[in-house]
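Engineer: only the shape, not the letters, is given here:
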């Protein structure tokens, strides 16, 4: 079984090859070449871009337990429709992914689905209660890749210290949902001008920053590895910059909504803009874009957080936090490329190359001979309405739902198989 | 000039002319409340439902009297803001009552933005009777009516608003309206009760109570909610009275004919000394009286737009 993708602009983190072909044999890339070798199937893709299959280090697939929002099948479909071929689902399922049986359930179901690679993130603490460590070694054996109580912070610094120490044995790492729960209080949006105007309770930037600096310092203490999830403030970036300069082993991610929208979107109390961390100030958006460009921010991760419409069509204070993101990842990131804020190579660095390094997945993250044939073909100018037909998630909690988007995954190839095409 | 909106959700989005239009109408209705027979047939056959998802007696009573004096049928519906405990969503509740052909909803709710949410999802006209810490537009309208009555003008006056600004929907509605009208505002309260970002209020933030009341025509004291005393916002009501409460001595800095206002109910001896609450400069009961006229005006104007 061989497949030849012809006449592509092939983008890797370091360079772009014009008018080049990719020969796929079975699950791997056999050649990246200007020649036209024989193949069983040939697809002419003139004018389109080929990027390594996107790796999303932060999704919520709600499975097991909350399948009315999303499940591993629907989440995987949304992923490949968004050009994503590797996902890290977070542990806040029901029950929590805090033991190897749940981890194994997720992986088995994903294999049954067969669209993407799923590497579950196990919980740091049992039941995500922030008290006792989970059996991390056992979960890693079952296929987990990292650990996080995402959605909830580990408030107890001693527990976080021990988690960071313990994980070193297994050469894995901790993903920090950085939020001081006491300081965030009952806040529902950023504590800024819009909180003053709307009367909605604010979450100060410092609720995030205090925990980031704590976790950075604990990583220093333990000489362990920490990844900061969904960075949303310019202050957080200054702290991370300092940590990197100090040689502390820290990486971080930013979500597309945090470099696309700011707090002003909340003036009309639209619950689809309610998320945690909240949308911040225009200056924060700018700092995140600068951080993506400079490399201070290592990866783009969606924090795809599906919620049922009933959980959003309520009073603002009662609405669930979160926004779907898998199918808006390409259009929102490409927007930065079109605005010349990022290059195509930056796009690849942030969405596949660096994630593959952080995750030690050396078989992907590049379009190169010998690598897995995880390839996303992008049509950057295709304009469409993000509607019921396009949307593959079970949920529609995204303010861009019903709106016009530009840029799409035209073809998604996972392990050499076409798993999505339009 | 007229008011053509379906609802009155807040004063923030209204124009100066719209606010003055409502006030003019309210002044006309004042006379009815002085009559022996305090009733006109204006809203005969209209159904007004007071949807109160948060406890209130004075605002609800004021709206009920306003509706009855206009000959509308007024019905009270009281519930809890926490829909999850009841098992019915807010909009389901609203749709149910709407189905009984209600014309106007007067809504109070514990969460900011929830009255707007209701207004966007019902055909009925909606009046905000207080939503969380966002707005309480009819309170600000009755405040403006009272100020105008006593000062014979609005533009150019100096007003101090003192107390828990962050959590006050009364403050917000007054600030938005007063800025549009051209009233100078000074805000003062413990820093724990001022928003982190005060710039959107476009008002002077006073250094202390004396600084706040200095040269003021109007002093508006906000109610300090007792439950905030036990939280981390304030150490005690004793300390609040000492540094943030108004008494006769501190009042000296204000203009001689300054009026003292309070949205009620008063915590005597905390934000306002009893001596001042009952003095001739206090217009607190005028506010309550004007509340009926202001609310009659709002109900009347909205019923014309249905």
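Structural biologist: Sure, I can see it. Given the structure is predicted, the values throughout are model-derived calculations rather than measurements.
Engineer: and the helices in chain A, which stretches?
Structural biologist: Listed in chain order, the helices of chain A (DSSP state H) span A:72-81, A:100-113, A:136-142, A:157-168, A:181-184, A:193-198, A:205-222, A:234-245, A:256-260, A:282-294, A:329-338, A:344-348, A:354-358.
Engineer: would you list these in a markdown table and tack on distance to chain B?
Structural biologist: From N, CA and C alone the C-beta is placed, and that goes for glycine too. Output for those, formatted as a markdown table (distance: least, C-beta to the nearest C-beta, whole Å):
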| stretch | distance to chain B |
| --- | --- |
| helix A:72-81 | 24 |
| helix A:100-113 | 27 |
| helix A:136-142 | 33 |
| helix A:157-168 | 21 |
| helix A:181-184 | 10 |
| helix A:193-198 | 4 |
| helix A:205-222 | 10 |
| helix A:234-245 | 14 |
| helix A:256-260 | 19 |
| helix A:282-294 | 13 |
| helix A:329-338 | 26 |
| helix A:344-348 | 33 |
| helix A:354-358 | 35 |
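Engineer: tell me which of these lies nearest to residue B:99.
Structural biologist: Taking C-beta to C-beta, helix A:193-198 is the member of the helices of chain A nearest to residue B:99, at 30.3 Å.
Engineer: what's the neighbour count on residue A:282?
Structural biologist: Residue A:282: 11 surrounding residues under other C-beta atoms under 10 Å in any protein chain shown.
Engineer: and the closest residue to it other than its chain neighbours, its phi and psi?
Structural biologist: Sequence neighbours aside, residue A:262 is the residue nearest to residue A:282 in space, at 4.9 Å (criterion: C-beta to C-beta, 6 or more residues apart in numbering or on different chains). As for residue A:262, its main-chain torsions (degrees, to the nearest 10) stand at phi -130, psi -180.
Engineer: could you measure from residue A:262 over to chain B?
Structural biologist: Residue A:262 sits 14 Å away from chain B, going by C-beta to the nearest C-beta, to the nearest Å.
Engineer: okay, now the domains of chain B?
Structural biologist: According to automatic domain parsing, chain B comprises the domains B:16-135+B:288-303, B:137-283.
Engineer: closest one to residue A:285 among those domains?
Structural biologist: domain B:137-283 (16.9 Å).
Engineer: need the contact list for residue 183.
Structural biologist: Since no chain was named, I'll use chain A. The contact partners of residue A:183, by C-beta atoms under 8 Å, 6 or more residues apart in numbering or on different chains, come to A:203, A:204, A:206, A:207, A:210.
Engineer: nope, chain B please
Structural biologist: B:154, B:155, B:156, B:157, B:158, B:159.
Engineer: can you give me the end-to-end span of stretch A:25-38?
Structural biologist: Terminal residues of stretch A:25-38 lie 11 Å apart, using C-alpha to C-alpha, to the nearest Å.
Engineer: with stretch A:173-186 instead?
Structural biologist: 30 Å.
Engineer: got the buried residues for it?
Structural biologist: A:173, A:174, A:175, A:176, A:177, A:178, A:179, A:180, A:183, A:184 (16 or more other C-beta atoms under 10 Å in any protein chain shown).
Engineer: pLDDT (mean, whole number) over that stretch?
Structural biologist: For stretch A:173-186, mean pLDDT is 97.
Engineer: apart from its chain neighbours, what residue comes closest to residue A:143?
Structural biologist: residue A:107 (4.4 Å).
Engineer: just to check, the one you found is in contact with residue A:142?
Structural biologist: Yes. Between residue A:107 and residue A:142 there is a contact at 7.0 Å, judged by C-beta atoms under 8 Å.
Engineer: more neighbours, those two?
Structural biologist: residue A:142 (21 against 18).
Engineer: contacting residues around that one?
Structural biologist: Going by C-beta under 8 Å, 6+ apart, the list of residues near residue A:142 reads A:100, A:101, A:103, A:104, A:107.
Engineer: try 7 Å
Structural biologist: A:100, A:103, A:104 (C-beta atoms under 7 Å, 6 or more residues apart in numbering or on different chains).
Engineer: about what we covered before: what about the contacts of residue B:183, which are in strands?
Structural biologist: B:158, B:159 (DSSP state E).
Engineer: of the contacts of residue B:183, which is the most crowded?
Structural biologist: residue B:159 (25 neighbours).
Engineer: which residues are in contact with that one?
Structural biologist: Contacts of residue B:159 (C-beta under 7 Å, 6+ apart): B:178, B:183, B:184, B:185, B:216, B:217, B:218, B:220.
Engineer: ok, the fifth one touching residue B:160?
Structural biologist: Right, the one you point to is residue B:216. Yes. Shown here, residue B:216 and residue B:160 form a contact pair, counting by C-beta atoms under 7 Å, at 4.7 Å.
Engineer: can you give me the neighbour number for residue 55?
Structural biologist: Answering for chain A, as no chain was given. 28.
Engineer: look at chain B instead
Structural biologist: Neighbour tally, residue B:55, other C-beta under 10 Å: 11.
Engineer: what's the answer for residue A:264, then?
Structural biologist: Neighbours around residue A:264, by other C-beta under 10 Å: 15.
Engineer: same deal with the one 4 residues further on?
Structural biologist: Applying other C-beta under 10 Å, we find 11 other residues in the vicinity of residue A:268.
Engineer: and what of residue B:7?
Structural biologist: 21.
Engineer: try residue B:53
Structural biologist: Counted with other C-beta under 10 Å, residue B:53 comes out at 24.
Engineer: what residues are up against the residue of the stretch 201-306 of chain B found nearest chain A?
Structural biologist: The minimum distance from the stretch 201-306 of chain B to chain A, using C-beta to the nearest C-beta, falls at residue B:201 (6.9 Å). By C-beta under 7 Å, 6+ apart, the residues touching residue B:201 are A:196, B:175, B:187.
Engineer: kindly recompute the last result at 10 Å.
Structural biologist: A:193, A:196-197, B:161, B:165, B:171-172, B:175-176, B:179, B:185, B:187, B:194-195 (C-beta atoms under 10 Å, 6 or more residues apart in numbering or on different chains).
Engineer: near chain B, which residues of the stretch 251-400 of chain A are found?
Structural biologist: Contact residues (C-beta under 10 Å from any C-beta of the partner chain) of the stretch 251-400 of chain A with chain B: A:266-271, A:281, A:310, A:313-319.
Engineer: output the lowest mean pLDDT helix or strand found in chain B.
Structural biologist: Here the helix or strand of chain B ranked lowest by mean pLDDT, DSSP states H and E is helix B:83-86, holding a mean of 53.
Engineer: next SSE after it?
Structural biologist: helix B:90-98 (DSSP states H and E).
Engineer: show the low-confidence segments of the stretch 101-250 of chain B, by residue range.
Structural biologist: Per-residue confidence for the stretch 101-250 of chain B (pLDDT under 70) gives these ranges: B:227-230.
Engineer: interface residues of it facing chain A?
Structural biologist: So far as C-beta under 10 Å from any C-beta goes, the stretch 101-250 of chain B lies against chain A at B:109-118, B:120-121, B:131-135, B:165-169, B:171-172, B:175-176, B:194-201, B:232.
Engineer: can I get the contacts of residue B:159 in JSON lines with distance to residue B:88 and secondary structure?
Structural biologist: Shown next, in JSON lines, are those (distance: C-beta to C-beta, whole Å; DSSP: H, G, I helix; E, B strand; the rest coil):
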{"residue": "B:178", "distance to residue B:88": "38", "secondary structure": "helix"}
{"residue": "B:183", "distance to residue B:88": "42", "secondary structure": "coil"}
{"residue": "B:184", "distance to residue B:88": "46", "secondary structure": "strand"}
{"residue": "B:185", "distance to residue B:88": "41", "secondary structure": "strand"}
{"residue": "B:216", "distance to residue B:88": "47", "secondary structure": "coil"}
{"residue": "B:217", "distance to residue B:88": "47", "secondary structure": "coil"}
{"residue": "B:218", "distance to residue B:88": "43", "secondary structure": "strand"}
{"residue": "B:220", "distance to residue B:88": "37", "secondary structure": "strand"}
